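>>> Sharing a sequence plus its predicted fold:
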Amino acid sequence: MMNTETLPCNVKFMIEGEEEVGSESLEGFLKSNRKKLACDVILISDTGILANDIPSITTGLRGLSYVEVEVTGPNRDLHSGLYGGAVANPINILSKMIASLQDENNRVTIPGFYDDVETLSMEERAEMAKAPFNLEDYKKALEISDVHGEEGYSTMERNSIRPTLDVNGIWGGYTGEGAKTVIASKAFAKISMRLVPGQDPDKITKLFCDHFQNIAPKSVKVKTMPHHGGMPYVSPTNDNGYKAASMAMEQTYGKKPVPVRSGGSIPIVALFEQELKVKSILLGFGLDSDAIHSPNEHYGLFNYFKGIETIPLFYKYYTELKKSNDF
């Protein structure tokens with residue numbers, strides 16, 4: 001568009017490389033450069049679509065609270081024969097503590113965890129259910145026999161409008177080849193909680209840390225180390241930004257896109273609105289099959305070129321809508 005002199009509006013690019021570790025430097029940069037970053041709308045393409053023949057626009061993101069925990073028992077690794085049964089095993093204790101964080105209905109047991117959760121009405125849930133989704137295809141793609149999650153909610157609701165708690169990593173003791181009969185001195189885990197509108201990551205992190213300390217037996221010491229977090233976000237579907245994105249996708253895909261809420265987190269989005277007072281449009285083109293955060297993560301050429309086709313049209317339609325509203 002620059003080469004053909006058809007760019008209909010001014011565009012500012014901001015590229016940063018800390019998204020996967022919480023964008024810790026970004027807040028200070030935004031506060032120091034509000035004037036430089038001033039704009040009418042923000043376009044982010046770090047999201048996806050339902051399928052190559054079902055375009056969609058992400059209208060919501062979950063927030064994040066991420067905590068690392070350390071459980072310490074004896075002052076050194078011990079012989080499991082000489083000390084087993086008499087001294088607390090930190091790995092066993094940690095496993096029991098983690099297991100207690102969810103009940104038989106897969107609800108998080110941390111006191112106060114659900115206090116601020118925004119609950120969608122049955123009408124809103126019915127609208128969400130109209131988005132195309134095939135449960136059997138979902139299970140087949142993941143090679144699982146059944147799905148799992150909070151009782152009373154569908155798979156699409158569990159991974160978008162409900163909060164979660166998951167262990168992202170757990171380790172301790174001897175993990176090399178062969179056998180080494182030890183009771184480890186320490187055990188560790190990394191635990192993340194995806195949050196929904198209404199939940200504050202700082203509050204949830206404190207609730208988690210307090211609860212984890214409270215459920216620890218006297219036979220071990222517990223240390224909690226908060227990492228990064230992020231606020232949940234909901235984007236409007238009745239403003240110029242969403243309308244322009246919808247019009248652009250409808251032109252390139254030949255059908256109107258479906259609004260969907262995503263289970264992922266992009267902390268920068270809520271931060272943009274907080275500091276710049278501007279809404280973000282989440283116009284991405286990836287697929288669930290792209291193996292995000294897994295080995296062989298990839299991105300299809302079809303999706304790459306659809307992005308090249310669609311994004312310039314977003315600029316075009318947004319400019320036209322804004323001009324028509326200004327008169």
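Thanks, I have it.

>>> List the contacts of Glu309.
Residues near Glu309 by CB atoms under 8 Å, 6 or more residues apart in numbering: Thr252. Bear in mind the C-beta positions are built from the backbone N, C-alpha and C, glycine included.

>>> and it, what element?
helix 301-326 (DSSP states H and E).

>>> How about Pro226?
Going by DSSP H and E, Pro226 is in strand 221-230.

>>> any idea which helix or strand comes after that strand?
Following strand 221-230 toward the C-terminus (DSSP H and E): strand 233-234.

>>> so what does that following strand touch, helix or strand wise?
Counting by 3 or more CB pairs under 8 Å, 6 or more residues apart in numbering; DSSP states H and E, the packing neighbours recorded for strand 233-234 are strand 56-61, helix 267-276.

>>> can you give me the strands in the chain?
Using DSSP state E, the strands of the chain run over residues 42-44, 56-61, 63-72, 78-79, 166-172, 182-183, 186-195, 221-230, 233-234, 258-261, 280-282.

>>> which residues are contacting the fourth one?
This means strand 78-79. Under CB under 8 Å, 6+ apart, the answer for strand 78-79 is 87, 181-183, 185.

>>> That strand: how far from the chain's middle?
Taking CA atoms, centre = their mean, to the nearest Å, the mean C-alpha location of strand 78-79 is offset from the chain mean by 40 Å.

>>> mean confidence score for that strand?
Regarding strand 78-79, the rounded mean pLDDT is 95.

>>> Which neighbours in the sheet does it have, and how are they oriented?
When pairs are called by DSSP bridges, strand 78-79 turns out to pair with strand 182-183 (antiparallel).

>>> looking only at pLDDT, what's the mean for the partner strand?
Strand 182-183 comes out at a mean pLDDT of 96.

>>> what sits up against it?
73-74, 77-80, 83-84, 87, 89-90, 173-174.

>>> quick check, nearest of those to His293?
Gly173 (26.0 Å; CB to CB).

>>> burial count for that closest one?
16 (other CB atoms under 10 Å).

>>> Look up how far Gly84 lies from it.
13 Å (CB to CB, to the nearest Å).

>>> do the same with Lys186
17 Å.

>>> These two: which is more packed in?
A count of neighbours by other CB under 10 Å puts Lys186 above the other of Lys186 and Gly84, at 20 against 13.

>>> The protein - how does it break down into domains?
24-61+234-307+320-326, 63-117+163-230 (automatic domain parsing).

>>> of the ones you listed, which approaches Ile144 most closely?
Comparing the domains of the chain by CB to CB, domain 24-61+234-307+320-326 comes nearest, at 13.7 Å.

>>> Return the per-residue confidence for Asp202.
95.

>>> is it true that it touches Gly229?
Yes. Asp202 is in contact with Gly229 according to CB atoms under 8 Å; the separation is 6.9 Å.

>>> Those two: who's more crowded?
Set Asp202 next to Gly229 and count neighbours by other CB under 10 Å: Gly229 wins out with 21 against 11.

>>> What are the contacting residues of stretch 251-264?
For stretch 251-264, using CB under 8 Å, 6+ apart, the contacting residues are 47-50, 53-62, 128, 130-132, 159-161, 194, 234, 237, 242, 245-246, 249-250, 282, 306, 309-310, 313.

>>> Please indicate which of those are buried?
47-50, 55-62, 128, 159-161, 194, 242, 245-246, 249-250, 282, 306, 310, 313 (16 or more other CB atoms under 10 Å).

>>> Looking at stretch 264-274 now, give me its mean pLDDT.
The model assigns stretch 264-274 a mean pLDDT of 86.

>>> Sorry, wrong one. I was asking about stretch 162-176.
96.

>>> Contacts for that stretch next, please.
Counting by CB under 8 Å, 6+ apart, residues outside stretch 162-176 touching it are 62, 66, 77, 90-91, 94-95, 98, 101-102, 108, 110, 113-114, 117, 149-150, 153, 158, 180, 182-184, 186-196, 199.

>>> Recalculate using a threshold of 7 Å.
Outside stretch 162-176, the residues within contact range by CB atoms under 7 Å, 6 or more residues apart in numbering are 90-91, 98, 101-102, 108, 117, 150, 153, 180, 182, 184, 186-196, 199.

>>> Give me the buried subset of those.
Looks like the contacts of stretch 162-176 have 90-91, 98, 101-102, 108, 150, 182, 184, 186-196, 199 buried, using 16+ other CB under 10 Å.
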